[in-house]
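A.B. asks: The following comprises the amino acid sequence and a computationally predicted model.
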Amino acid sequence: MSPIVRFNCRMSVYFIRPLALLAIALAFTTPSAELFAAEPTRVLILVGPSSHPPGTHEVGAGARVMKFCVEHAENVPDIHAHILTAWPDDPGLLAGAATIVFTGDRFPPAEMKDGPRIMADLTKMMDRGCGLVCVHYATGLGANHVLPDGSHPLLDWMGGYFATRCEHHQSVARIYQAAKIEPGDAKHPVLQGWKPFTVHDEPYINNYFGKGGLAKNVTALATSQLPPESPKEEIVAWAATRDDGGRGMGVVMPHFYKNWRVDDLRMLIMNGIVWTAKRDVPAKGVKTPAPNLAQFEPAAVEPPAKKAK
């Protein structure tokens, strides 16, 4: 072997050895991909008081359906939902929530004990940009919950509410045999994927969006031509984008527990949860497995049939 060849071989060894040692060192010292993985998105679902008969509202079972669906979404991974039946004392649980979902008879903080403390904590959550979703009657406020002019934080956090027996406004609750629900005209992530559907349910109408109506930061997500005998366009789901960066959504269905089977209604609600948690809503919407409603332990999947007189 010539001196030049021997020299090149030796130089190659000198260069290769440090590189090999560096590769071995990095293999042992560089954190794995798992360590860099983002923490799961945290969703809180609070179940408020309810006194509705079996098969209607079913707020506890409905919360379990939402938890199952959002955790088993086929195209949105890494979401963990925690169900609450009382307001937590753990500030870390509240601080770690990306969004909070309410279900119950009226807006739960207005009906639960220690309401002022709950609203104080909730205000802090909203101020840091936490999301908010209210489902069916949880969108509701009564005259004893609001100021005479209708002022309430929900107007800022969610963009509107269902007004029950209020002096300033009166929304309407009525069950319709076949209410057709149409997506809103605006372009919005929550509108992605789901299509018009017809449902036997109680979508509240004449909801309250402030004295001037729908604010500029509020989008109509779903509408329906109601009531059938004198139809006009009614907003039955809406979304707000707040100045603090937070997002809110109200949807005034489902009244009947069985309607969690309606794929397009379920997608509308799941899209809203994902969007308010500041996750991307897939172009085809949040896809979830069809839930077996009986396994979530409702008092009844459907209301008992009425006895003939």
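C.D. replies: Looks like it arrived, so ask away. Numbers count the residues shown, from 1 in each chain.

A.B. asks: going forward, measure contacts between C-alpha atoms and count neighbours the same way
C.D. replies: Will do.

A.B. asks: need the strands for this protein, in chain order.
C.D. replies: 41-47, 79-84, 99-103, 131-135, 140-142, 162-164, 176-183, 197-201, 218-226, 232-241, 247-251 (DSSP state E).

A.B. asks: how far away is the residue nearest to V190 when sequence neighbours are not counted from R117?
C.D. replies: Using Cα to Cα, 6 or more residues apart in numbering and skipping the chain neighbours, the partner closest in space to V190 is N271 (5.0 Å). Distance, N271 to R117, by Cα to Cα, to the nearest Å: 30 Å.

A.B. asks: Neighbour count: those two, which is higher?
C.D. replies: The neighbour comparison of N271 against R117 (other Cα atoms under 10 Å) goes to N271, with 26 against 12.

A.B. asks: ok, now which ones touch the more buried one?
C.D. replies: 189-192, 281, 285-286 (Cα atoms under 8 Å, 6 or more residues apart in numbering).

A.B. asks: Worst mean pLDDT across the helices and strands of the chain, which element?
C.D. replies: Least confident helix or strand, the chain: helix 33-36 with a mean of 40, by mean pLDDT, DSSP states H and E.

A.B. asks: Any chance of the strands of the chain in CSV with distance to A73 and mean neighbour count as columns?
C.D. replies: Output for the strands of the chain, formatted as CSV (distance: least, Cα to Cα, whole Å; neighbours: other Cα atoms under 10 Å):
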stretch, distance to A73, mean neighbour count
strand 41-47, 13, 23
strand 79-84, 9, 18
strand 99-103, 17, 26
strand 131-135, 18, 29
strand 140-142, 28, 23
strand 162-164, 29, 26
strand 176-183, 21, 17
strand 197-201, 21, 17
strand 218-226, 21, 22
strand 232-241, 21, 23
strand 247-251, 19, 29
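
A.B. asks: Quick one: the helices in the stretch 201-309 of the chain, in order.
C.D. replies: Remark: helices assigned in the stretch 201-309 of the chain by DSSP state H, counting those that start in this stretch are 263-276.

A.B. asks: Where does pLDDT dip in it?
C.D. replies: Scanning the stretch 201-309 of the chain for pLDDT under 70 picks out the ranges 308-309.

A.B. asks: Could you double-check that G55 sits in contact with A305?
C.D. replies: No: taking contacts as Cα atoms under 8 Å, G55 lies outside contact range of A305: 10.6 Å.

A.B. asks: ok, the two, which is more surrounded?
C.D. replies: Per other Cα under 10 Å, whichever of G55 and A305 has more neighbours is G55, with 18 against 6.

A.B. asks: Next up, the contacts around the more buried one.
C.D. replies: Here G55 is in contact with 256-258, 298-304 (criterion: Cα under 8 Å, 6+ apart).

A.B. asks: By neighbours, which of these wins?
C.D. replies: Y257 (25 neighbours).

A.B. asks: Surely it is in contact with H57?
C.D. replies: Yes: Y257 lies in contact with H57 (Cα under 8 Å); the separation is 6.0 Å.

A.B. asks: For A290, see how far away F68 is.
C.D. replies: Counting by Cα to Cα, the gap from F68 to A290 is 10 Å.

A.B. asks: what about these two, which has more around it?
C.D. replies: Using other Cα under 10 Å as the criterion, F68 and A290 rank with F68 on top: 17 against 13.

A.B. asks: Next, the distance between the ends of stretch 159-167.
C.D. replies: 19 Å.

A.B. asks: what mean pLDDT would you report for that stretch?
C.D. replies: Taken as a whole, stretch 159-167 has a mean pLDDT of 95.

A.B. asks: Give me the residues contacting that stretch.
C.D. replies: Stretch 159-167 has contacts (Cα under 8 Å, 6+ apart) with 137, 139-143, 148, 150, 154-155, 169-172, 204-210, 214-215, 217-218, 238-240, 248-250.

A.B. asks: got it, and stretch 59-66?
C.D. replies: Outside stretch 59-66, the residues that reach it (Cα under 8 Å, 6+ apart) are 45-48, 50, 83, 103-104, 257, 260, 270, 291, 293, 296-298.

A.B. asks: Just give me the closest of these to D185.
C.D. replies: Taking Cα to Cα as the measure, D185 lies nearest M270 of the contacts of stretch 59-66, at 19.4 Å.

A.B. asks: can you tell me which residues contact the closest one?
C.D. replies: 66, 69-70, 286.

A.B. asks: among the residues you listed, who's most crowded?
C.D. replies: V286 (27 neighbours).

A.B. asks: ok, it - contacts?
C.D. replies: Residues in contact with V286 (Cα under 8 Å, 6+ apart) are 73-76, 193, 267, 270-271.

A.B. asks: mind checking how far it is from L191?
C.D. replies: 11 Å.

A.B. asks: ok, now D127?
C.D. replies: From D127 over to L191 the distance is 26 Å, taken as Cα to Cα.
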